[in-house]
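Colleague: need coordinates for the below:
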Amino acid sequence: MRREKEKRAFFFALILLAIIVLFLIPSAIALTESTKPSSYVDPESISANASLAYDGNAATYAAINATTGNLTYAAFSADGHNASVDVKRVDLVFDMQANLSDDEWGLAYSYDGGASWQPLRALGGGGLSRTTLVYSDVAGPGGKWDWTAIAGNLSVRLQYLVNGTPDSATDIRLFEAWANVTSDLEGPSIALLSPADGTNYSGLTQVNFTYNASDLLSPLRNCSLLVNGVINQTDTSPSNTSTNNFSVTLDNGRYNWSVLCWDNATTPNANVSQNWTVTVDDAPPTVALLTPANGSTLQGGSIVTFSFSHDDLSSLSNCSLFLNGTLNQTIAGDAANWPTGTGQFLVSLGDGVWDWNVSCTDIYGRSNASEQSSFTQAANDAPSVTDVSIPSTITPTMGGDVSVGCNATITDLQGQLTIANVSAYLYREDWAWDHADESSGHLTSGNCNSVGINATTVQYQCLFPLPYYARSMNWTCTYHVTDTQGAEGFGSNMTFVEPLYAFNLTPAGIDYGAIQAGNVSPSDVAVVVTNLGNTRIDMALDGFAQAEGDGLAMVCDVGNTTIGNERYDLAAGTAFASMTSLTPDATQVDQFNLDPKNDTSSGQRAIYWKLQLGVPQKGGCSGFVTFTALQS
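Modeller: Residues are numbered from 1 along each chain as shown. As a prediction, the model looks like this:
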């Protein structure tokens, strides 16, 4: 079906999704939001030779075949916006192509719901390959857009005119169409000019602060000077194109300054500039002495450190040390050399009473001196260690540690605070106090407690965990003390560690297993002897079956084994014939010599056993072996 020269409209629903964020002071943004059509009105006439289409996905096309047609879209939504949002600009955008011969096409929009139309492109011929057409800043009703006008009245029209017979290859395609709506959410742009960041004024109290401020979308409402974060004064008619200034009288001090400006948008936006600093300095530096303290006495060492603090709003030129009224030395440089606001001088001095003060000069030549202080330089007395006490004898505990306490009185005539380090050592008499720690002969206490007696004296107690294998001999407890000047003090006393003879056997029994009558046990059975004392021990061995001295090694269910058939050796794998026979009387094992444990030796030695049964002997057999430790 075809209708001639009938006009149709294409309405585009432009849906704007707006997120409007208002800031009290920080800068905001200019928000531009895009919206696209959601529906369109189909034409009433269709021709096989013309097509006109819209689809957001550009995959399908709605065919419009009219000799003359106006195709219009309109389905706008405020989408949560209201008229108070400050719309600054509306741009209309079309993604389209037009393959025509003599037919004509055009674009127009309406801001009053189609009552009137404003041309964007007048009807005219001409082909158009696929491109994006942008019509910027289109006029709104009364010259200004708001969301009410956009939601209820904005329409877009694509016009098409057939001249004579429709073009045989007519193809007008509208792939996408949208409107960009720009809202003013950004505060003015502010640039500080002078005084430059970090400027120092000497004696000047009237300061002229200059800046530029501009806003691309809205006029300026006002600008305020912030001094140390507080509004100092406000200009209600600042220039948007030329330099602005504030004139302020400032007292002596260091100040932060910035500028805050508001625009005149429907919902005003603010922005604040960066912070700069300016200093007004019309006073000399202040200087305070730190160390040595007034009236103090310094002990030992010839090098004295004079430290002082300084404060000035400007940089320092130099500071000088005066001793007994005479210039000693000068440090050149500004405050950056002493970022903590302190300085120091190092001077070699002899004994005596010294008066001192420091004078500093700033970069403007203004000087100021500290008050005078006095101190005494005296020779240092080394700390002393007296009354070292420790039990006269120490009895070790088998297989464990015994806690040993050693006490001392430490005195430093320069005062407790000059005692820098206290160490206590317990060691065997043939070693030195500074020998490396080895638990059988040298210990360093890690458990010391102190009690102050008076201003110069401290009582110390240090504990040592003395192990059972600490060698039996004279031991020494020594205290080593150093003061803050490096002077040393020593004090010692002796004790005797009693001998401890003790051992352990592993396993507790000798199990030869199953042996055929007349045969020797197939392998060695090892008995490990562990020295649990603190002296070297030898070992004596004897055996019996039922009663001591019975001459038997084993008594069996049938028959007995004589004592000589149970044998031992200190080396594994020794042939039975070469091993030593057990005896009914205690016999010392040759070359047993088992030393006590230390940090590198376990204090253990094995004795290897074999047994030969007689004939006939059978059933279960049992007997006893006695191990006796001997002093080596």
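Colleague: next up, the contacts around Asn560.
Modeller: For Asn560, the contacting residues are Ala545, Leu552, Met554, Gly614, Gln617, by Cβ atoms under 8 Å, 6 or more residues apart in numbering. No exception for glycine: its C-beta is placed from N, CA and C like everyone else's.
Colleague: reformat these as JSON lines; add secondary structure.
Modeller: Listed next are these as JSON lines, based on DSSP: H, G, I helix; E, B strand; the rest coil:
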{"residue": "Ala545", "secondary structure": "coil"}
{"residue": "Leu552", "secondary structure": "strand"}
{"residue": "Met554", "secondary structure": "strand"}
{"residue": "Gly614", "secondary structure": "coil"}
{"residue": "Gln617", "secondary structure": "coil"}
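Colleague: any idea which helix or strand carries Ala139?
Modeller: In the assignment (DSSP states H and E), Ala139 maps to no helix and no strand.
Colleague: and the nearest residue to it once chain neighbours are set aside, how many neighbours?
Modeller: Using Cβ to Cβ, 6 or more residues apart in numbering and skipping residues adjacent in sequence, the residue nearest Ala139 is Gln118, 7.0 Å away. For Gln118, the neighbour count with other Cβ atoms under 10 Å is 13.
Colleague: mind pulling up the pLDDT for Gln118?
Modeller: We have a pLDDT of 91 for Gln118.
Colleague: phi and psi next, for it.
Modeller: phi -110, psi 130 (degrees, to the nearest 10).
Colleague: what's the answer for the one 5 residues further on, then?
Modeller: With angles defined as degrees, to the nearest 10, Leu123 shows backbone torsions of phi -50, psi 130.
Colleague: what about burial for the contacts of Asn560, which qualify?
Modeller: Among the contacts of Asn560, those buried by neighbour count (16 or more other Cβ atoms under 10 Å) are Ala545, Leu552, Met554, Gln617.
Colleague: ok, and for whichever strand or helix holds Cys261, which residues are buried?
Modeller: Assigned by DSSP H and E, Cys261 belongs to strand 253-263. Residues Tyr255, Trp257, Ser258, Val259, Leu260, Cys261, Trp262, Asp263 are the ones in strand 253-263 that count as buried (16+ other Cβ under 10 Å).
Colleague: wait, what's in contact with the last one?
Modeller: Asp263 makes contact with Asp184, Gly187, Pro188, Asp215, Leu217, Ser218, Pro219, Leu220, Arg221, Asn269, Ala270, according to Cβ under 8 Å, 6+ apart.
Colleague: distance check, it against Gly620.
Modeller: 111 Å (Cβ to Cβ, to the nearest Å).
Colleague: with adjacent residues omitted, what lies nearest to Gln459?
Modeller: Val451 (4.8 Å).
Colleague: same deal with Cys448?
Modeller: Using Cβ to Cβ, 6+ apart, the closest residue to Cys448 is Cys462 (4.2 Å).
Colleague: pretty sure the one you found sits against Ile410.
Modeller: No. Assessed by Cβ atoms under 8 Å, Cys462 is found out of contact with Ile410, at 11.3 Å.
Colleague: overlap of the contact sets of the two?
Modeller: Jointly contacting Cys462 and Ile410 under the rule Cβ under 8 Å, 6+ apart are Tyr479.
Colleague: measure the residue in the chain sticking out farthest from the centre to Ser521 for me?
Modeller: Farthest-out residue of the chain from its mean C-alpha position, per Cα atoms, centre = their mean: Pro616, at 83.0 Å. Distance check for Pro616 against Ser521: by Cβ to Cβ, it reads 18 Å.
Colleague: Gly549 sits in which helix or strand?
Modeller: Under DSSP H and E, no helix or strand contains Gly549.
Colleague: just the strands in the stretch 251-400 of the chain please.
Modeller: 253-263, 270-272, 276-281, 286-291, 296-299, 303-311, 316-323, 326-332, 342-348, 352-362, 367-369, 373-378, 384-389, 393-394 (DSSP state E, counting those that start in this stretch).
Colleague: in terms of mean pLDDT, which of those ranks lowest?
Modeller: strand 296-299 has the lowest average pLDDT among the strands of the stretch 251-400 of the chain, namely a mean of 81.
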